[in-house]
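K.L.:
show me the folded form of this:
(chains A and B)
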Amino acid sequence: AQSVTQPDIHITVSEGASLELRCNYSYGATPYLFWYVQSPGQGLQLLLKYFSGDTLVQGIKGFEAEFKRSQSSFNLRKPSVHWSDAAEYFCAVVSDSNYQLIWGAGTKLIIKP
Amino acid sequence: KAGVTQTPRYLIKTRGQQVTLSCSPISGHRSVSWYQQTPGQGLQFLFEYFSETQRNKGNFPGRFSGRQFSNSRSEMNVSTLELGDSALYLCASSVDASGYTFGSGTRLTVV
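P.N.:
Numbers count the residues shown, from 1 in each chain, chains lettered A, B, ... in the order given. This is a model prediction of the structure:
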């Protein structure tokens, strides 16, 4: 069965430092991959998505992600985080059986001043 | 263009009662999916409606049901509420699997 793993439950980063959030997926073919962000008590906002083509994907708010088939990974990066980036980040893949989203458990990002 | 609208934002219900949540998708989006988010189970797919028909269903008991109207608005209903149904219920609208836009959710608390 398809699955998504986000190995880090929490990550703490100093403001201005770089960020990398990890995401690994299990899928046979080329997956549809997403990163979403959720602020406390809010819905999910799409940061970026990958379907095919260029493996480095640019998103909103200065985020980017790189698809690496050999590592089954789709890690999210940002060169310099801001306090407003504190939130929970979810990686997801589209299921090949029902075309719905299969989610990772999320990574909570904490920003140190 | 207007986003996905979910109402109400917050609900408090008693065990055994039933509840109805509403979702208005983005204009032109015919697919509406529902997800349940809890601290213990994370995000789980409930069901999807497309053109007034349930197209897919997740692994939830029959107490969870939904429907979609001709204007693509969708409702989900939970009957005989249990404490474990307390969750954030999220609705997403889409044209296809290439992109899902989520509403702000309905926070349901069962007491």
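K.L.:
against chain B, how distant is A:G53?
P.N.:
Here A:G53 is placed at a distance of 13 Å from chain B (C-beta to the nearest C-beta, to the nearest Å). All C-beta atoms are positioned from the backbone trio N, CA, C, and that covers glycine.
K.L.:
burial count for that residue?
P.N.:
A:G53 sits with 8 neighbouring residues when counted by other C-beta atoms under 10 Å in any protein chain shown.
K.L.:
sec struct for it, please.
P.N.:
Of the three states, A:G53 takes coil according to DSSP: H, G, I helix; E, B strand; the rest coil.
K.L.:
in space, what's closest to residue 52 - neighbours in sequence excluded?
P.N.:
Looking at chain A here, since you left the chain open. A:T30 (6.0 Å; C-beta to C-beta, 6 or more residues apart in numbering or on different chains).
K.L.:
hm, I was asking about chain B
P.N.:
Taking C-beta to C-beta, 6+ apart as the measure, B:E52 lies nearest to B:Q68, with 4.8 Å between them; neighbours along the chain are not counted.
K.L.:
wait, that neighbour touches B:R55, no?
P.N.:
No: look at B:Q68 against B:R55 with C-beta atoms under 8 Å: they stay out of range, at 9.7 Å.
K.L.:
these two: which is more packed in?
P.N.:
Shown here are B:Q68 and B:R55; by other C-beta under 10 Å, B:Q68 has more neighbours (23 against 16).
K.L.:
list the contacts for the more buried one?
P.N.:
Contacts were defined as C-beta atoms under 8 Å, 6 or more residues apart in numbering or on different chains; by that measure B:Q68 touches B:V32, B:Y49, B:F50, B:S51, B:E52, B:T53, B:S74, B:E75.
K.L.:
number of residues surrounding B:E75?
P.N.:
Taking other C-beta under 10 Å as the definition, B:E75 ends up with a neighbour count of 17.
K.L.:
for it, list each beta-bridge partner.
P.N.:
On the basis of DSSP bridges, B:E75 takes part in beta bridges with B:S22, B:R67.
K.L.:
that one touches B:Q18, doesn't it?
P.N.:
No: if you go by C-beta under 8 Å, B:E75 and B:Q18 don't touch, sitting 11.9 Å apart.
K.L.:
ok now do residue 2, which residues does it touch?
P.N.:
Reading this off chain A. When contacts are counted by C-beta under 8 Å, 6+ apart, A:Q2 is found next to A:Y25, A:S26, A:Y27, A:P31, A:V93, A:S95, A:D96, A:I102.
K.L.:
ah, I was thinking of chain B
P.N.:
Under the criterion of C-beta under 8 Å, 6+ apart, the contact partners of B:A2 comprise B:I26, B:S27.
K.L.:
give me the lowest-pLDDT entry from the contacts of A:Q2.
P.N.:
Lowest pLDDT among the contacts of A:Q2: A:Y27, with 76.
K.L.:
nearest spatial neighbour of it, skipping sequence neighbours?
P.N.:
The shortest distance from A:Y27 to any non-neighbouring residue, by C-beta to C-beta, 6+ apart, is to A:Q2 (5.3 Å).
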